[in-house]
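Asker: need a structure here:
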Amino acid sequence: CEVTRDCAIISSHVIDGIYQSPHPIMEFHEIDELGGQYDNWWSPNIDCMVRMLRAAGFVRTAVLATGETHAFIKAWRHWDDRPGEASPSLVIENVINAVSYDHHFPHHGQRAIVAISVDGLPDDARRDEVRVEIGGYGINPVYVGAWGGNDRPDRFQVNAPVPPGLQPGPAEVRVWHRDRESAPYPIVLTQGTQW
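Answerer: Predicted coordinates for the structure are as follows:
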C-alpha cells in the first residue's frame, strides 16, 4: 500500500475452495503442505485477504476473479463517494494524536493515529459509513463513537491511522458521511519511527 498511489491488483493463493468458513481465516504452511511450494507460507480465504488489504491501508476493494485456489483483488487508496463540496453542518473541531493526546502527528509508526473531533455526524453514523482522508489518501476509521465524556452528544470521535506512504510536512484532514463533507483541517506530519 505504501508504494501504491491509486490502486493495486493483488493475486494470491486462497483456500476458499479447500476450506469453507464464514470467518476470515488463513492456513499456515510450515514446510511442503502446499504442493512443495516452500516460498508460500500463508493461504488466506478471500474474506481474510480483503480485510488484510483494508488493514494495510487500502480503503476499498473489489474481487475481480476467483478460482478454486486463486483470487485477483483490486484495492484502491481513495474513496469513490466523496461529496462535491464541503457542508457547513459537518465540522472538524480538533485533531489530536490518539495515542499521546497532543498535536504531534508522526507520519508512520505505532503512534501514527489521529483522533478527529467532528460535530454534525448523525447519531446513527456507523464506522463503515464514515470516510476519512489524510494528505489526499483515504483511510478506514478504526473507531467512530461519542467524544470522550459524552458532554456533547453531537460531537463524535473518529480515530484513523495515518495512511501509509505519506511524508513529513503539511497535510489536510477531511471527514465525510454520505453527502456531507467537512472543510479541510490542517495538520503537520512529523518524522515517525519504525515502531
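Asker: Show me which residues of stretch 10-29 are buried.
Answerer: Across stretch 10-29, burial judged by 16 or more other CB atoms under 10 Å covers 10, 12-16, 26-27, 29. C-betas here are computed from N, CA, C, even on glycine.
Asker: Tell me the one among these nearest to D128.
Answerer: I10 (21.1 Å; CB to CB).
Asker: Surely that closest one is in contact with A65?
Answerer: No. Between I10 and A65 there is no contact under CB atoms under 8 Å: 11.6 Å.
Asker: right, and R180 touches S87 too?
Answerer: Yes. Between R180 and S87 there is a contact under CB under 8 Å: 3.9 Å.
Asker: okay, and the common contacts of those two?
Answerer: Listed as contacting both R180 and S87 by CB atoms under 8 Å, 6 or more residues apart in numbering are G120.
Asker: before we move on, back to that, relative to W42, which of the buried residues of stretch 10-29 is nearest.
Answerer: M26 (5.2 Å).
Asker: low-confidence ranges in the chain?
Answerer: By pLDDT under 70, the low-scoring segments of the chain are 148-153, 194-195.
Asker: For it, just list every one of the helices.
Answerer: Per DSSP state H, the chain carries helices over the ranges 46-56.
Asker: what sits against the one residue sitting closest to the centre of it?
Answerer: For the chain, N140 is the residue whose C-alpha lies nearest the centre (CA atoms, centre = their mean; 2.9 Å). Neighbouring residues of N140 by CB under 8 Å, 6+ apart: 54, 59, 132, 160.
Asker: again, only using 7 Å
Answerer: Neighbouring residues of N140 by CB atoms under 7 Å, 6 or more residues apart in numbering: 54, 59.
Asker: And it, its phi and psi?
Answerer: phi -70, psi 130 (degrees, to the nearest 10).
Asker: can you tell me how far it sits from V158?
Answerer: 11 Å (CB to CB, to the nearest Å).
Asker: returning to what we had before: next, format the buried residues of stretch 10-29 as CSV and append distance to A112.
Answerer: Output for the buried residues of stretch 10-29, formatted as CSV (distance: CB to CB, whole Å):
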residue, distance to A112
I10, 23
S12, 26
H13, 31
V14, 30
I15, 32
D16, 33
M26, 25
E27, 31
H29, 32
